[in-house]
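Novice: just the structure for this:
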Amino acid sequence: MSDNEEKIDTPSYEALEEALDHMKIAYDIMKQQALDVRKEKEAFDSVAKKLEDVHFASTIKLNVGGQHFTTSLQTLTKDPGSMLHAMFSGRFESKPAEDGSYFIDRDGTHFRYILNYLRTGYLLLPDTKLIRKELLEEAEFYQIRGIVDVLRPSPFLESKILSSEHKQVFVNTWLKERLNRRHSTFVLLYRASRDGWTSSEFHSICDHEGPTVTVVKSGDYVFGGYTEQSWKSKFSCEAYMLHVFFRASGV
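Specialist: As a prediction, this is how the structure comes out:
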């Protein structure tokens, strides 16, 4: 190298490692700060949503059988197929009472469960048969399909003949209209392998029990039918062929 040539300093390996360490530290700090900012934004958005629900939604006062509730228009119209949606969607003219509340002539004992379901999408209630039965009554009145589906037992749960596919066929064809009526449930009434195969055994259990579904299995074939009429002893001399028999309870 001549004296006139400029001397170029090159960093040592140790200096490069130290610089890389500093860059990594700076990157980690920036990454953590970005995460903190994102968390703060998510928290802010959550609080803003709650504030919107609390302060800026249209407030509705309800008087349900003498019990008073306050909720938002957004909550009452959340289920588009419900009676509450129809009442407060603007399609029908509804006027409040003098105190500003809308009166609904129903027992308000379990109405809070309906409101909480509409608010959150979850049904939380005590595991008490009476409460569940009464709430089903109210949910069917208000036509809250989500609650009805949870509280109403599925038909034919006890059947040893019907597969899941068969049950869907029964529900969607024979029983579609029936199950859309209020209080319609089916309970196992008679099973030949359990209760006996004779005509007298069949009629002692099944006569005068109201609407029924008959399910018969012969080999690989499953068939049956639904009738609104009660069985009587003078009919159906072939009753011993029936394997399972369901009674429809309710109207």
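Novice: tell me, how many residues neighbour L62?
Specialist: Residues lying near L62 (other CB atoms under 10 Å) number 21. To be clear about C-beta, it is placed using only N, CA and C from the backbone, and glycine gets the same treatment.
Novice: and if you look at T109?
Specialist: T109 has 14 neighbouring residues, counting by other CB under 10 Å.
Novice: pLDDT at E138, what is it?
Specialist: The model reports E138 with a pLDDT of 94.
Novice: what helix or strand does it sit in?
Specialist: Element membership for E138 (DSSP states H and E) is helix 129-142.
Novice: quick one: buried residues of that helix?
Specialist: 132, 134-136, 138-140, 142 (16 or more other CB atoms under 10 Å).
Novice: tell me the one of those nearest L151?
Specialist: L136 (4.2 Å; CB to CB).
Novice: my guess is that closest one contacts D149. True?
Specialist: No. Counting by CB atoms under 8 Å, D149 is not a contact partner of L136; they are 10.4 Å apart.
Novice: do a quick rundown of the strands in the stretch 101-250 of the chain.
Specialist: Listed in chain order, the strands of the stretch 101-250 of the chain (DSSP state E, counting those that start in this stretch) span 101-104, 185-191, 212-218, 221-227, 244-249.
Novice: same for the second one, what does it pack against?
Specialist: This points to strand 185-191. helix 199-206, strand 244-249 (3 or more CB pairs under 8 Å, 6 or more residues apart in numbering; DSSP states H and E).
Novice: quick one, the longest one and strand 212-218 angle?
Specialist: Read it as helix 199-206. Relative orientation of helix 199-206 versus strand 212-218 (axes from the mean of the first three to the mean of the last three CA atoms, to 10 degrees): 140 degrees.
Novice: what is the mean pLDDT for helix 199-206?
Specialist: Per-region confidence: helix 199-206 scores 84 on mean pLDDT.
Novice: oh, and call the first residue 492 from now on, that's how I've got it
Specialist: OK, 492 is where the count begins now, so the last one is helix 690-697.
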